[in-house]
Each structure stands twice: as C-alpha cells, then as structure tokens.
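[1] need a 3D model of the following:
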Amino acid sequence: MRNKRIVKIGDLKIGGKEKILVQSMTKNKTEDYLNLVRELKRLEKGGCEICRIAIKTDKAIENLKKIKEAKIIKMPIVADIHFDYRLALKAIKVGADKIRINPFNITKEKEWREIIKMAKDFNIPIRIGLNAGGIREREKDIERIILDRLKRTIDFFESENFYDLVISAKISEPLSLINIYEEIDKNYQYPIHLGLTETGLPFEGGIRSGVAMGVLLYKGIGDTIRVSLTGDSLLEVVAGFEILSALNLRNDLPVIISCPTCGRCEVDLENIVKEVKKEIFKLNIKKKIKIAIMGCEVNGPGEASHADYGIAFGKKSGIIFIKGKIIRKEPKEIIVRKFIELILREKIS
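    Below is the predicted model of the structure:
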C-alpha cells in the first residue's frame, strides 16, 4: 500500500499520502532547443507535472542548463541517463531536479558512488529505473533478473547512506509488470514510478497501460505514472489523468463521457465530442465534473442523469441539461457554444 517514504522533486513531493502525479517524456531531441522548449511548455499547459528529457550529449546538457536558468517552466525536469555516468554528473550540476539511471547499462559501483556523491551535494533524488530492454539473456526469468538487479542496486545505494530514491522497473508485458511491482511494493519503502514500456500506438498503448497500471493503482501501488505511447507526448498526460480519474485517485480535471452512438443518432457526434473537449480544455478547469455528450434526445438525459452538465441531440436541435434536468433547447448550429458558455458562467474554473 502507499506508505512510502516521501521524496522531494523540485517543489513537489511524492510518496507517503501525497497525490499521484502524472509524468511524460519529451519526444523532441534535447539538442533541438526551440522545439524542446515548445514541447515542455505545451506539456506543462496540458497538466504534465513531472517531465523527463533524454540526455545523450553535451549539447543536451547545455540546453538543460539554459532551460533551468531561464526558469522557462515550473514543473520538475528529470534527466534520463543511459550508458555514460558522466552525463548524470553534468546534469546534476546544471540543475536537473532528479536523474534517472538504468542499472542495466550503468553497472559499475564506482560510477554509482560518484553519482550518489553529486546527488547528495546538490540534494536531488535519483530514480533507479530498470528496463527489460537492457536484459540480454531473454530465455531466462526476466522478472527475477530485474528484481535481483534492483536489489543489488538498492543495497549499494543504502550502503552509501543514500535514500532519496524512486524505483521503477518497466517491461512490455502487463502481467509481468504487475508481478514485478507487487514484489517491489512488498519489499521496499521508496516511492514507485509506474509505467508499462513499449506499449505501441495511443489506442493500443492506452488500453495496455490502463490494464496494467489500473490493477496496480487499485491495489495502492504507485506514486507517479507515465503512459508511454508511440505518439504525441501530450496524449501520455491525458491518458495518465484518465486512468487516475477512473479510479478516483485524482479529482482535479473534468471527465467527458459520450454515448457510442446508434441508428438513432442524427449528428456527427464524434466531431462534436472533439469540439467540446477542445473548448473545455481551454477553460483550464481544476475540478472533477462530469460532462455528457449524447447522440439522441430520447435517452440522453436519462442515461446521463448522473452527469453535472450534458447535451443531447436531435436532427436539427439539441437540449442542454444539468444533473438530468432539461434547462433549454437550442438549434444544432449553436448548441455547443451555448453549452460552453453555460459551463463558463457557472464559474467552475
């Protein structure tokens, strides 16, 4: 259960009874300063709470330094380090709020010792982030290899009196992921970062991630999450909040529900839902409200009577309702605008 140590990342805390935070990772090259900054700003505006960036070169270190010194964003930045431990040292020096190292490709204890010393000097945490992609012996017990390497790594960090740790151990198989994280939760008191790796495109990846992480989160396992998708990094943030909201683990964003449509539907409901979602996003609502968009007037208010706000459509007009009570009828051409205006008037933002 979520009785973990509390670790500070920038101005945020994870672990203990702190809320579960949503992470993403930039897709632009860290060496491409302008596009990296655009992506970071877009992610922060979209609700991302912690963001990881790949650090592969000295140019990436230079750009990380520029971003931190200019205070371009408020959310903590995690420097993602593989293979070259010296990049971890440099990233810490230029202001990374946390670093992630993978003990499958940074393996020497003398290198871990240098990273630990630097992290202590700058008072930042380290994520021990194992990934099954680093395992070469595929015919063996992958779960056991991951857990054994994690134990060896944590034992060493603790022997060096370093405890500002976050743990992750990612794999692409949902059931194996559940097994691994249950073992981690049982054996360690450090905050846990959840993520299923190599999930695929947004639709398939969202489903696979939701299944794996949903089971773990329901059991009280996980302090931060990232939904890793082959696609727009902002979709990872949206998916993360949807998973947490579905389990009532976050209550600070609106939820949009809509019917699957049937032969009674007289409108292009899919595009209407997209339009409403876009407009609601602009309102920057920080409250869990349920917004229903239904394809017909016959069943709309009834099926969605539990929604805080709703619209349902006929052929040429639609109705707006609040908690199942119809309050007005509007022509189809203007109903979405009137609906958004109503929500805005309610001052829920």
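
[2] strands of the stretch 151-300 of the chain, residue ranges please.
    165-170, 193-194, 224-225, 255-258, 290-294 (DSSP state E, counting those that start in this stretch).

[3] with respect to residue 11, which of those lies nearest?
    Go through those one by one with Cβ to Cβ and the one that ends up closest to residue 11 is strand 224-225, at 14.8 Å. Bear in mind the C-beta positions are built from the backbone N, C-alpha and C, glycine included.

[4] show me what the closest one is in contact with.
    Strand 224-225 has contacts (Cβ atoms under 8 Å, 6 or more residues apart in numbering) with 14, 20-23, 50, 166, 191-195, 213, 217, 240, 243-244.

[5] which non-adjacent residue is nearest residue 98?
    Nearest non-adjacent residue to residue 98, counting by Cβ to Cβ, 6 or more residues apart in numbering: residue 78, 4.5 Å away.

[6] sorry, back to before: export the strands of the stretch 151-300 of the chain to CSV and tack on mean neighbour count?
    Shown next, in CSV, are the strands of the stretch 151-300 of the chain (neighbours: other Cβ atoms under 10 Å):
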stretch, mean neighbour count
strand 165-170, 23
strand 193-194, 26
strand 224-225, 26
strand 255-258, 17
strand 290-294, 23
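
[7] so where's the stretch 51-200 of the chain uncertain?
    By pLDDT under 70, the weakly predicted segments of the stretch 51-200 of the chain are 137-139.

[8] now do the contacts for the nearest residue to residue 331 once chain neighbours are set aside.
    The spatial neighbour of residue 331 that comes closest, neighbours along the chain excluded (Cβ to Cβ, 6+ apart), is residue 317 at 5.4 Å. Contact analysis of residue 317 by Cβ under 8 Å, 6+ apart lists 329, 330, 331, 332, 335.

[9] cool, and residue 163?
    With Cβ under 8 Å, 6+ apart, residue 163 has these contacts: 5, 157, 190.

[10] who wins on neighbours among those residues?
    Tallying neighbours with other Cβ atoms under 10 Å puts residue 190 at the head of those, with 24 neighbours.

[11] what about that one, distance to residue 72?
    The gap separating residue 190 from residue 72 is 30 Å, by Cβ to Cβ, to the nearest Å.

[12] cool, residue 60 as well?
    Residue 60 is 15 Å from residue 72, where distance means Cβ to Cβ.

[13] returning to what we had before: out of the contacts of residue 163, flag the one nearest to residue 87.
    Using Cβ to Cβ, these come closest to residue 87 at residue 157, 18.7 Å.

[14] doesn't residue 125 make contact with the closest one?
    No - counting by Cβ atoms under 8 Å, residue 157 does not reach residue 125; the two are 11.0 Å apart.

[15] overlap of the contact sets of the two?
    residue 165.

[16] using CSV, write out every CA atom in stretch 305-317.
    Provided in CSV are the C-alpha atoms of stretch 305-317 (Å, rounded to 0.1, in the frame of the first residue of the first chain):
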residue,chain,number,x,y,z
SER,A,305,-28.7,11.9,-15.5
HIS,A,306,-25.6,11.4,-13.2
ALA,A,307,-23.6,14.0,-15.3
ASP,A,308,-23.1,17.5,-13.9
TYR,A,309,-23.7,19.0,-17.4
GLY,A,310,-24.9,17.4,-20.6
ILE,A,311,-26.2,17.9,-24.1
ALA,A,312,-28.2,15.6,-26.3
PHE,A,313,-29.0,15.9,-30.0
GLY,A,314,-32.0,15.6,-32.3
LYS,A,315,-31.8,16.1,-36.0
LYS,A,316,-32.0,19.9,-36.1
SER,A,317,-31.7,20.8,-32.4
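
[17] for that stretch, buried residues please.
    307, 308, 309, 310, 311, 312, 313, 314 (16 or more other Cβ atoms under 10 Å).

[18] and the helices in the stretch 201-349 of the chain?
    Under the criterion DSSP state H, counting those that start in this stretch, helices of the stretch 201-349 of the chain are mapped to 202-218, 233-246, 269-283, 300-303, 335-345.

[19] show residues contacting the shortest one.
    Just to be clear, that refers to helix 300-303. 259, 292, 294, 310, 311, 312, 313, 319, 321, 324, 325, 326.
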